[in-house]
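Undergrad: Turn this into a structure:
(2 chains)
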Amino acid sequence: MEELFSDVPVPPHNPELPTQIDEESLEEEVNQYLGDFRLGIFRPRYVPAVVDEVAARNEFYTAYTSYQSELSQGMLQALFEFQSLVAELTGMGVVSSSLYDGGAALGEAALLARRVTGKDRVFVASSADPQRKAILNTYVSGLGVRVFELPFDEEGQVDASAFEAIREPAMVYVESPNHFGVLEERLDEFSSLVHSRGGLFALGVDLVSLSVLRPPSDFDADLVIAEGVGGHPYGSSLLGVLAAKSTLTRQMPGKLVGATLDSEGRLAYALTLLTREQSIRRERATSNVTTDAALSAVRAAAYISLLGQSGLAKLAEEEVRSAHALSSALSSAGFHSPSFGGPFWGSFAVVVPNASRRHRPGLGLPLWEDYPLEDQLLLKGVPEKDVDGVVGELLEMAGERL
Amino acid sequence: MKYRQAKWENETGEGSSTETENSGAAVRGQNEPLVFQLGHYDFYLPDELPGVPKSLLRYSPPKLPKVPEVRLTRHYVHLSQMNYGVDSGITPLGSCTMKYTPKVLERVARDRRIADLTVEIPPPQGLLKMLWELQVYIEEITGMGAVTLWPKAGSQGELTALLMVRKYFQERGEIGDGSEGQGRVRKRVMIPLTAHGSNFASAAMAGFEVTRLPVRDGLLDFEAASKDVDDTVAAVMLTLPNTYGLFEPSALDLVKAVHSVGGLAYYDGANMNAFLGLYRPRDMGFDLVQLNLHKTFASPHGGGGPGAGPVAVKSSLADYLPVPRLVKVSPDGRPRTGDGHAGMAGEEFELREDFPKSIGRISEGLGNLQALIRAYCYVRLLGGSGLADVARYSVLNANYVAALVKGAYAIPSPHLPRKHEFAFAPRGKSAVDVAKFLLNWGYAPSVHFPPELEESLMFEPTETEGKKELDDYARALLEAAAAEEEKLAAEPRNASVKRVDEVRAARKPLLTYRDLLDSELRGAVAARNSDTAP
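TA: Reported below is the predicted structural model:
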């Protein structure tokens, strides 16, 4: 055996690692580490059990990327269906089969816009998701792209005069609903303004909301960015969605699945337009993406297909109604809720005096960490039975200052 | 054609050792309709939503199927039967390290407590403790001084590391802010032609010019490469062992040459399986390395992802790592790193953002948390000596198969030992034909990679395959070498489809169900549906 390593000119090193343990002890150890932590009031969207079952199929989760089409028809069809379902929801012509997360999708979108427009200025709404914005900045930092933030107004919407002042954009990115839950009402104007200045208009959306809200294609968006649906553990958003107009197909980053025929004339699928990709184009590729997030895309497709449009719409309706119910209850209790004037979707900001000092984790997302919004928390709806409890806890936090 | 069909005969009850017609199926299902052809279209548009202006509401619903749970389950079971993974059989793709995932890793990674965590809640200390320990393990395995766990793929790890290189030279005044011509500018990254395409693409995304380094017979042409080394080189990116499965000692000379002009050396850990627990990139002189947890640390590939690509760097580059940084906090509130495996008592871990030289955030949340937890578990299960055995057996397995087939295929630099994989080329046949023949048993080699070897194929067995699997694979390879060209062109015969027309797919891309219905393939879509009707 040593002979096989005889050509390695450095001495081997025995790593100092803890003694190995058996399977049973390992499970016990992890169980202790994870412990008994309290779930917050604000739960992630429920993921039906069937979605986990689908993702647990060994032939999917232990498969390699579908380069050998004949052995990968199942995954390829599942990804083709994902692309198609997201295309239906967004109204866009082409959908990347998966990227790592919303931040990577936004970063890739900016790089795409730079290639297409030949410009190096990117404008992003300050009200967009803070992590996405941070990742965007990192993604473009090597290429001399400058990122400018567009401030928000008292409605929580992009400030119109700042928007009017945009010059020479490669891309302008706006979210609706944005990080404050607020819906933008001037997307038509924004879109045509961006186009008149020669840039691409990129819209960040919530896929579930698109079951009832006007799709990005209605606003003539060039690019659409979203996070996956169908579950991903905390902090591990594991599916970035990037959709685009068909005219941008050959500039898309990452994998695309296309339909074709096999040698007997039957329907078949393959990864396609590979000449965009790093494996062939190397430094002239549209992106460095190799490993992506295929299994998360299958989860999303299963989730959307199980709920259907009506299921998604009822879920969206429930999220909006419960958020409004909580906001009204807070307002009645004397809080300034919502703190922004614009129409809001499944979440909203509220002023809770003392929150910056007395905030307890799990009770809303502190907005002062990313914005000059002292004592403002981001909340989303809760089940009816929990409303009084949440109001009570926030009253306690505010104390005498309310 | 006669072939011994150990794998599938057992399942079909046709005996296990006789020579039979090649009638097995590498994948079993076929003709599953599209999800759009299942279920029904059930629409619901609320007349109004509280506070939402009507002008923002849809006037026509998106056309999404609503599929009953039982039908949806069967849809995906059928699709999965048209797919093939490590759990189906040996998946010996080169440079991909398709090893078996011990099932306990899956059970732990799917824990509901991980799935239910939300961003509103700070991650529990025990979880951070595991992640911190994993950082320490990676430091120990690579010889580096600091780690980020957050990149969600190997290529995102490459980008992370190259942006750190960029930042490092910006701090030193050797890279300006886009304005050139001001003396020395570290603008180049050197990459051998044997490297994965992602290296080149990552370098370009990080704003570097790429210098392609020539290769001869699978090995870096050191003389030619070293002439190109000067103080405009920011970094050299090297994959060791390289994609031919060869260790190249001259690579380490190139590392020295680049260091001598002030450049940095980056180790692409895609092939780390060959050295795991045995040799450390830092000991070879490298400054930065990314590891692919979905290759080397047994996370499954997920049919393409998600993966994880942590980056480890020498201590002097730690300031440039992405935020948040996971640190251990001592009682006086100061962050500490790298002091071994103390118990939980009194320890506290924090995610910190206050690192002004950091490249910033590279991914959302805590990376691919499930892959990180699997990697933690993998190291705990194997221990140090177990990890070294991974390297030894992966290398032994590759050399064993190479020895069995070297008479029938061209193998570059045959006098050298292979490492964990090897590149080879059929004599007088097309690599695609050989590969499609192998697909009949689920054996999918990498094809046309490495690109510099004509008609190249690649094979990487990994340490998790046994002698029987390797013997079966070698026999199939020898069959393919002996088979007539015309016969190969008809392969594969028993996958869920016959040979797929990939040229057609690219010529006129049909990327959605709508595209499909508007195309001449409409009839083929309808055929899918009727095939499965009762």
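
Undergrad: ok now do residue A:289, which residues does it touch?
TA: Contact partners of residue A:289, counting by C-beta atoms under 8 Å, 6 or more residues apart in numbering or on different chains, are A:99, A:108, A:253, A:254, A:255, A:277, A:278, B:153, B:155, B:198. For every residue, glycine as well, the C-beta is placed using N, CA and C.

Undergrad: hang on, it in a strand?
TA: No. Counting by DSSP: H, G, I helix; E, B strand; the rest coil, residue A:289 is not found in a strand; it is coil.

Undergrad: Of the contacts of residue A:289, which belong to helices?
TA: A:108, A:278, B:155, B:198 (DSSP state H).

Undergrad: Return the distance of the third one relative to chain A.
TA: Taken as C-beta to the nearest C-beta, to the nearest Å, the spacing of residue B:155 relative to chain A amounts to 4 Å.

Undergrad: quick revisit: in the contacts of residue A:289, which residue is surrounded by the most others?
TA: residue A:99 (33 neighbours; other C-beta atoms under 10 Å in any protein chain shown).

Undergrad: residues contacting it?
TA: Residue A:99 makes contact with A:105, A:108, A:239, A:240, A:241, A:242, A:253, A:254, A:289, A:292, A:293, according to C-beta under 8 Å, 6+ apart.

Undergrad: wait, what's in contact with the closest residue to it other than its chain neighbours?
TA: Leaving aside its sequence neighbours, residue A:99 sits nearest to residue A:240 (C-beta to C-beta, 6 or more residues apart in numbering or on different chains; 3.6 Å). Residues in contact with residue A:240 (C-beta under 8 Å, 6+ apart) are A:98-105, A:108, A:225-228, A:293.

Undergrad: Apply 10 Å and report the result again.
TA: Residues counted as contacts of residue A:240 (C-beta atoms under 10 Å, 6 or more residues apart in numbering or on different chains) are A:96, A:98-109, A:132, A:135, A:225-228, A:254, A:292-293, A:296-297, B:152, B:363-364.

Undergrad: still on that earlier bit, just the closest of the contacts of residue A:289 to residue A:66, please.
TA: Comparing the contacts of residue A:289 against residue A:66 with C-beta to C-beta places residue A:255 closest, at 8.2 Å.

Undergrad: can you confirm residue A:26 is in a strand?
TA: No. Counting by three-state DSSP, residue A:26 falls outside a strand, being helix.

Undergrad: Neighbours of it, how many?
TA: Residue A:26 has 20 nearby residues by other C-beta under 10 Å.

Undergrad: what's the answer for residue A:19, then?
TA: Residue A:19 has 8 neighbours, counted by other C-beta under 10 Å.

Undergrad: Which element, helix or strand, includes the residue nearest to it when sequence neighbours are not counted?
TA: With C-beta to C-beta, 6+ apart as the criterion, residue A:19 has its nearest non-adjacent residue at 5.8 Å, and that residue is residue B:383. Using DSSP states H and E, residue B:383 sits in helix B:369-405.

Undergrad: Could you pull out the buried residues of that helix?
TA: Of the residues in helix B:369-405, those buried by neighbour count under the rule 16 or more other C-beta atoms under 10 Å in any protein chain shown are B:369-384, B:386-399, B:401-402, B:404-405.

Undergrad: and the contacts of residue A:99, which of them are in strands?
TA: Judged by DSSP state E, these include A:240, A:241, A:242 as members of strands.

Undergrad: Which member of those is positioned nearest chain B?
TA: residue A:240 (8.5 Å; C-beta to the nearest C-beta).

Undergrad: Identify the residue of chain B closest to chain A, quick one.
TA: Closest residue of chain B to chain A, C-beta to the nearest C-beta: residue B:66 (2.4 Å).

Undergrad: Leaving out the residues flanking it, which one is nearest to the residue of the stretch 251-400 of chain A found nearest chain B?
TA: As assessed by C-beta to the nearest C-beta, chain B sits closest to residue A:308 within the stretch 251-400 of chain A, at 2.4 Å. Leaving aside its sequence neighbours, residue A:308 sits nearest to residue B:66 (C-beta to C-beta, 6+ apart; 2.4 Å).

Undergrad: can you pull the contacts of residue A:159?
TA: Residue A:159 neighbours (C-beta under 10 Å, 6+ apart): A:125, A:126, A:127, A:150, A:151, A:152, A:153, A:165.

Undergrad: Ok, residue B:324 next?
TA: Here residue B:324 is in contact with A:235, B:148, B:150, B:350-355, B:358, B:361, B:365-366 (criterion: C-beta under 10 Å, 6+ apart).

Undergrad: For residue 192, grab phi and psi.
TA: This is for chain A. Main-chain dihedrals, residue A:192, degrees, to the nearest 10: phi -70, psi -30.

Undergrad: was after chain B, sorry
TA: Per degrees, to the nearest 10, the backbone of residue B:192 is at phi -70, psi 150.

Undergrad: what about burial for the contacts of residue A:159, which qualify?
TA: A:125, A:126, A:127, A:150, A:152.

Undergrad: So which of those belong to helices?
TA: Per DSSP H, the buried ones among the contacts of residue A:159 never map to helices.

Undergrad: Generate TSV for those, with distance to chain B and pLDDT as supplementary columns.
TA: Formatted as TSV, those follow (distance: C-beta to the nearest C-beta, whole Å; pLDDT from 0 to 100):
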residue	distance to chain B	pLDDT
A:125	17	98
A:126	16	98
A:127	16	98
A:150	20	98
A:152	18	98
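
Undergrad: Understood, closing this out.
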